[in-house]
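Have a look; sequence and predicted model below, questions after that.
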Amino acid sequence: MSIKLIARDLYRLQREVDRLEQALETAPLEKRSRIEAQLRDARRQKASLRSALDGRIGRSSSST
């Protein structure tokens, strides 16, 4: 996967994380657990892509 594609997916996931965090703030109790699960998954995917991008451009993961 090219750096450009990884960066684009990383940006998309960051927007998704932001959207879910905002939704969680205003969500009724019965929907919170579903949104929290989606947020955990989005954060995990974002972290994975960040690691891939950092590896591709030669950054160490400890600099974040």
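Nice, thanks for sending it over.

for the longest helix along the chain, packing partners?
In the chain, assigned by DSSP state H, the helix with the most residues is helix 29-56. When contacts are defined as 3 or more Cβ pairs under 8 Å, 6 or more residues apart in numbering; DSSP states H and E, helix 29-56 sits against helix 3-26. C-beta: built from backbone N, CA, C; applies to glycine.

Give me the contact list for the helix it packs on.
Identification of contacts with helix 3-26 by Cβ atoms under 8 Å, 6 or more residues apart in numbering yields 32, 35-36, 38-39, 42-43, 45-46, 49-50, 52-53, 56-57.

same deal with stretch 32-40?
So stretch 32-40 is in contact with Val17, Leu20, Glu21, Ala23, Leu24, Ala27, going by Cβ under 8 Å, 6+ apart.

re earlier: restricted to buried residues, select the contacts of helix 3-26 in PyMOL.
With 16 or more other Cβ atoms under 10 Å as the criterion, this PyMOL line picks the buried residues out of those:
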select buried, resi 35+38+39+42+43+45+46+49+50+53
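
and which of the contacts of helix 3-26 is nearest Ser2?
Distance to Ser2, by Cβ to Cβ, is smallest for Arg56 among these, at 8.5 Å.

For Leu49, see how far away the closest one is.
From Arg56 across to Leu49, the span is 10 Å (Cβ to Cβ, to the nearest Å).
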